[in-house]
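Peer 1: return a 3D structure for these sequence lines:
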Amino acid sequence: MPLAIDCYNLLHTPMPPSLAGLDESRLCQLLARSRWSGTGIWVVCDGVIKPGGIGQSPVHQVELVYSGPSRCADSVIMEMVSANSAPRRLTIVSTDRQIRAAARRRRCHVVTSKQFISELLQLLSGPSMGGHGDPESHRHTALSGQEVDQWLKTFGVNDQSLDHDPLKPFYDRPTKDH
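Peer 2: Here you go, the predicted model:
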């Protein structure tokens, strides 16, 4: 099922910590490993390439499209919807009312940006992502005892600095001045 995403609409939706900092490049990489890979994926951005941004998708499975200087992504997506020869197979990701209405008129599958973020979270937590070099898969690795000791030493934490009550809030602990 082909997929068209209103990129900045999605990227400006509140994100959970595991997706913090999601940008065009990382979105394309995640989509390349999703269930939509191989079906046609378009990530549609407003305007032109931002300074320091990417001009094309880092993965061949996803097409990154910029609307150009005189058009918005909404117009491009609505044109894609109206020109599609099999709109019932097309999934549109946007929270924009006008896009959603145009997609529904053509009987496209419509998903809000918030709903799609939930799908991306499932993708990140799925077995296909774990342990394959993805930074997210290493995020919650426990430290060894030696690593813990090194960090405690680095930050000057010892029994006296904890006042023998590690559960006591830091602002209630005695300071060296008192």
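Peer 1: do a quick rundown of the strands in this protein.
Peer 2: Taking DSSP state E to define them, one finds strands in the chain at 3-6, 41-45, 62-66, 91-93, 109-111.
Peer 1: and among those strands, the most buried is which?
Peer 2: The highest mean neighbour count among those, using mean count of other Cβ atoms under 10 Å, belongs to strand 3-6: a mean of 26. (C-beta placed from N, C-alpha, C; glycine too.)
Peer 1: can you give me how far that one is from the chain middle?
Peer 2: 14 Å (Cα atoms, centre = their mean, to the nearest Å).
Peer 1: list the neighbouring strands of it plus their orientation.
Peer 2: Its sheet considered, strand 3-6 pairs with strand 41-45 (parallel), strand 91-93 (parallel) by DSSP bridges.
Peer 1: rewinding a little: need the strands of the chain in CSV with mean pLDDT and distance to residue 80, can you?
Peer 2: Output for these, formatted as CSV (pLDDT from 0 to 100; distance: least, Cβ to Cβ, whole Å):
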stretch, mean pLDDT, distance to residue 80
strand 3-6, 96, 5
strand 41-45, 96, 7
strand 62-66, 95, 9
strand 91-93, 96, 8
strand 109-111, 94, 13
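Peer 1: now the ones you listed as CSV including distance to residue 85?
Peer 2: Converted to CSV, the strands of the chain look like this (distance: least, Cβ to Cβ, whole Å):
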stretch, distance to residue 85
strand 3-6, 14
strand 41-45, 15
strand 62-66, 17
strand 91-93, 15
strand 109-111, 16
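Peer 1: low-confidence ranges in this protein?
Peer 2: Residues of the chain that meet the criterion pLDDT under 70 lie in 126-145, 147, 151, 158-178.
Peer 1: just the CA atoms of stretch 118-126, as PDB, please.
Peer 2: Presented in PDB, the C-alpha positions along stretch 118-126 are these (Å, rounded to 0.1, in the frame of the first residue of the first chain):
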ATOM      1  CA  SER A 118       2.400   5.300  17.400                       C
ATOM      2  CA  GLU A 119       3.200   3.100  14.400                       C
ATOM      3  CA  LEU A 120       6.800   4.400  14.300                       C
ATOM      4  CA  LEU A 121       7.100   3.600  18.000                       C
ATOM      5  CA  GLN A 122       6.000   0.000  17.300                       C
ATOM      6  CA  LEU A 123       8.500  -0.200  14.500                       C
ATOM      7  CA  LEU A 124      11.300   1.000  16.900                       C
ATOM      8  CA  SER A 125      10.300  -1.500  19.600                       C
ATOM      9  CA  GLY A 126       9.800  -4.400  17.200                       C
END
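Peer 1: buried ones in it?
Peer 2: Buried residues in stretch 118-126, counted by 16 or more other Cβ atoms under 10 Å: 120, 123, 124.
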